[in-house]
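Colleague: What shape does this take:
(4 chains)
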2 protein chains.
Amino acid sequence: MFSSDLKRGSMDLFVLSALDGRSRHGYDIGKVLEVRSGGQLQLPVSTLYSTLYRMEDRGWIKGRWVEKGGERRRCFYTLTPAGQTALHTQRQEWAAFAAMVTLVIGAGHAGLGDVAE
Amino acid sequence: MFSSDLKRGSMDLFVLSALDGRSRHGYDIGKVLEVRSGGQLQLPVSTLYSTLYRMEDRGWIKGRWVEKGGERRRCFYTLTPAGQTALHTQRQEWAAFAAMVTLVIGAGHAGLGDVAE
DNA sequence: TTGACATATATCGTCAGACGAAGTATCGTC
DNA sequence: GACGATACTTCGTCTGACGATATATGTCAA
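Modeller: Model prediction:
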């Protein structure tokens, strides 16, 4: 749907957001993001899991294996305090970035009166 | 200012936007983007020129060398018809992506009543 | 009961692209 | 003539998204 390059800067934020307020296992994170986006955001599993492993390495999330009888084994991830901070920081950074992009690419620049004419 | 990963999906759009309505040389593109963003967007020259070369390879922009007497040599880039189309498409894609991200990462999901509870 | 499909995770290799570093060259100015 | 701004080039590195492939269990229908 959206290009890999576009997603590149937001993958962590997607996962962080999905884990805001409750723990989830990897597969569930993918599903939740798909639902929340109205089907627009479909993350390949390889992307999803590699993102999860990277984030756990960074200490933003913590995985916990659950193997209840009669159920598949799943790893439930939870935000660490560092992850909470990262979520907060990245939400703000994203808003600032989006505002900046809108400003820079806005159609209001074309034609006369341009910068450094 | 902003992370490389965040910029990754928007570099082409930045350059395309800078060339919307008039041709510019590489160094100028960098300066214009910096000014338009209020100093927030500072592109390393290596990033800027490699983006330009890639885009010319794709046929989105066309360079023309100008060597007027008493001036430095400069390559002025202009949008091709394909570049115009790409600009239009990418502006729309960016808006759609930003809306999707806002929807997905919005703070309105935390706590009760969540998806797939 | 078998076959298909959803659930659930792991690992590997490839590819694109942002960037730092280092280099070349011209122009103005102090 | 040294310095800083202008202007472009090339190379190597690193990160991260993704396709492919593998493994295994649960559910449901023919």
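Colleague: hang on, isn't residue A:37 packed against residue B:100?
Modeller: Yes: Residue A:37 is within contact range of residue B:100, at 5.3 Å (criterion: C-beta atoms under 8 Å). All C-beta spots, glycine's among them, are computed from the backbone N, C-alpha and C.
Colleague: can you pull out the helices in chain A?
Modeller: A:4-8, A:11-18, A:26-36, A:45-57, A:81-105 (DSSP state H).
Colleague: Mean neighbour count, the ones you listed: which tops it?
Modeller: Among the helices of chain A, ranked by average contacts under mean count of other C-beta atoms under 10 Å in any protein chain shown, first place goes to helix A:11-18 (a mean of 23).
Colleague: Quick one: mean pLDDT over it.
Modeller: In this model, helix A:11-18 has a mean pLDDT of 98.
Colleague: Which strands or helices does that helix pack on?
Modeller: Helices and strands touching helix A:11-18, as assessed by 3 or more C-beta pairs under 8 Å, 6 or more residues apart in numbering or on different chains; DSSP states H and E, comprise helix A:26-36, helix A:45-57, helix A:81-105, helix B:81-105.
Colleague: what would those helices look like in a markdown table with mean pLDDT?
Modeller: Output for the helices and strands packed on helix A:11-18, formatted as a markdown table (pLDDT from 0 to 100):
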| stretch | mean pLDDT |
| --- | --- |
| helix A:26-36 | 97 |
| helix A:45-57 | 98 |
| helix A:81-105 | 97 |
| helix B:81-105 | 97 |
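Colleague: Need the ones you listed in a markdown table (columns: distance to residue B:57).
Modeller: As requested, those are arranged in a markdown table below (distance: least, C-beta to C-beta, whole Å):
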| stretch | distance to residue B:57 |
| --- | --- |
| helix A:26-36 | 34 |
| helix A:45-57 | 27 |
| helix A:81-105 | 22 |
| helix B:81-105 | 12 |
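Colleague: Can you give me every residue that contacts the spatially most central residue of chain A?
Modeller: What sits nearest the mean C-alpha location of chain A, by C-alpha atoms, centre = their mean, is residue A:14, with 1.8 Å. Neighbour list for residue A:14: A:33, A:41, A:43, B:104-105 [criterion: C-beta atoms under 8 Å, 6 or more residues apart in numbering or on different chains].
Colleague: and chain A, which of its residues are near DNA strand D?
Modeller: Residues of chain A lying close to DNA strand D (C-beta under 7 Å from any atom of the strand) are A:4, A:7-8, A:11-12, A:43-47, A:50-51, A:54, A:70-72.
Colleague: Pull the most distant pair out of the residues you listed.
Modeller: A:8 and A:70 (39.2 Å; C-beta to C-beta).
Colleague: And the nearest residue to residue A:76 once chain neighbours are set aside, how close does it get to residue B:104?
Modeller: Leaving aside its chain neighbours, residue A:76 sits nearest to residue A:23 (4.6 Å; criterion: C-beta to C-beta, 6 or more residues apart in numbering or on different chains). To residue B:104, residue A:23 is 18 Å away according to C-beta to C-beta, to the nearest Å.
Colleague: cool, residue A:72 as well?
Modeller: Distance from residue A:72 to residue B:104, by C-beta to C-beta: 26 Å.
Colleague: before we move on, what about residue A:78?
Modeller: Distance of residue A:78 to residue B:104, given as C-beta to C-beta: 19 Å.
Colleague: do the same with residue A:73
Modeller: 27 Å.
Colleague: for residue A:38, phi and psi?
Modeller: phi 70, psi 30 (degrees, to the nearest 10).
Colleague: which residues touch residue A:73?
Modeller: A:65-67.
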